[in-house]
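Student: No letters, just coordinates:
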């Protein structure tokens, strides 16, 4: 099936060139926590311990890393197939994704505390049945790989911005095979970076006989805090951007002529309008947000009580900024790399409407006011 092969190549190249770093920023804490966990003693292993270790030592640190990547590949491939069949009906809302990010952050905290040595959290971490764990240890000659596999499988719930772009491609593919191909290719493309990071996490902790576990736990704890703060922004509940980083725009609220200038009607114009907030000849308010790797401006002042359209003007857009969301309205859009995407905001009441990228890294707001001239 040529189309599926093309999508597989597209997904793999995107993952290799852009997805690895983007997803590592979001899922790296889960990877570190899963592959560098403190080992729990196995009573059976004490009596059966033998000095003969015929298996090469280099295989040991790769087993949990491979399990993590296998779990990730399985879940993303299944999701791609389902998206190809059912389309956008399976896409969670922005706030549901934010809640999942908060849950992922909480799991990272548990992993971090376990690495630091807090014994009380051990029972809260996912563990396979004892019999299954012994079976896996016999086959892999290492700690059970079930936990890293389960954590890798769960990464489908905490996508990065590039993953969301691939999910959109899977939705538009129109078939289970094509959808699975693009998502599987994407995971394969990100695998080299994840494998390297996982190997280094695992190997370093073994080489130092666990002395690195505490330091790794602190790093994972910091990543968890960053993930949870990003989730709060991704849900549109708060914004932590400093005023010095914000750029603002308001009127003049001029009425433009009916010759098509400044209508922002979803075309492919390459230059943003001179006035980011304006009113066209029909009386509709047009707000233009320029999307590169960032949002410009990040703060708007607009009129309340008039029909409003938000125009997302892509100008060599990239990164997580392309995965644009308005959590309050449930809006999710993948911004064109170069071109305009219209979002109907309806007639807004006075108040603040927040927007963000899907990862909560890029944020902004539109302040609707009643008395503006």
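Tutor: Thanks, I have it. Worth saying up front: this structure is predicted, and the values here are computed from it rather than measured.
Student: From here on, just use CA atoms for contacts and neighbour counts.
Tutor: Will do.
Student: Which stretches in the stretch 201-350 of the chain count as helices?
Tutor: Using DSSP state H, counting those that start in this stretch, the helices of the stretch 201-350 of the chain run over residues 212-234.
Student: which stretches of it aren't confidently modelled?
Tutor: Within the stretch 201-350 of the chain, the stretches with pLDDT under 70 are 202-213, 216, 242-273.
Student: let's see it at 80
Tutor: The stretch 201-350 of the chain contains residues with pLDDT under 80 at 201-217, 219-220, 223, 241-274, 318-320.
Student: residue boundaries of the strands in it?
Tutor: 248-249, 277-279, 285-291, 295-296, 299-303, 307-315, 323-326, 331-334, 338-347 (DSSP state E, counting those that start in this stretch).
Student: In terms of secondary structure, what does the second one contact?
Tutor: When contacts are defined as 3 or more CA pairs under 8 Å, 6 or more residues apart in numbering; DSSP states H and E, strand 277-279 packs onto strand 285-291, strand 299-303.
Student: Look up how far residue 98 lies from residue 237.
Tutor: To residue 98, residue 237 is 10 Å away according to CA to CA, to the nearest Å.
Student: If you count surrounding residues, which of the two has more?
Tutor: Just comparing residue 237 and residue 98: by other CA atoms under 10 Å the higher neighbour count belongs to residue 98, 28 against 13.
Student: Give me the pLDDT for residue 40.
Tutor: pLDDT recorded at residue 40 is 50.
Student: between the strands of the stretch 201-350 of the chain, which one is nearest to residue 228?
Tutor: Taking CA to CA, strand 323-326 is the member of the strands of the stretch 201-350 of the chain nearest to residue 228, at 17.5 Å.
Student: So what are the sheet partners of that closest one and their directions?
Tutor: Strand 323-326 has its sheet partners listed here by DSSP bridges as strand 331-334 (antiparallel), strand 351-357 (antiparallel).
Student: contact partners of the first one?
Tutor: Among residues not part of strand 331-334, those counted as contacts by CA atoms under 8 Å, 6 or more residues apart in numbering are 93, 94, 165, 168, 322, 323, 324, 325, 326.
Student: Tell me which residues of that strand come out buried.
Tutor: Buried residues in strand 331-334, defined by neighbour count with 16 or more other CA atoms under 10 Å: 332, 333, 334.
Student: Also the last one?
Tutor: Residues 353, 354, 355, 356, 357 are the ones in strand 351-357 that count as buried (16+ other CA under 10 Å).
Student: Provide a list of residues in contact with the first one.
Tutor: When you say that, I think you mean residue 353. By CA under 8 Å, 6+ apart, the neighbours of residue 353 are 326, 328, 365, 366, 367, 368.
Student: Of those, just the buried ones, ChimeraX syntax please.
Tutor: Here is the ChimeraX command that selects the buried residues among those (16+ other CA under 10 Å):
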select :326,365,366,367,368
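Student: Mind pulling up the pLDDT for the closest residue in space to residue 124 that isn't next to it in sequence?
Tutor: Excluding the flanking residues, the one nearest residue 124 by CA to CA, 6 or more residues apart in numbering is residue 110, at 7.6 Å. pLDDT recorded at residue 110 is 84.
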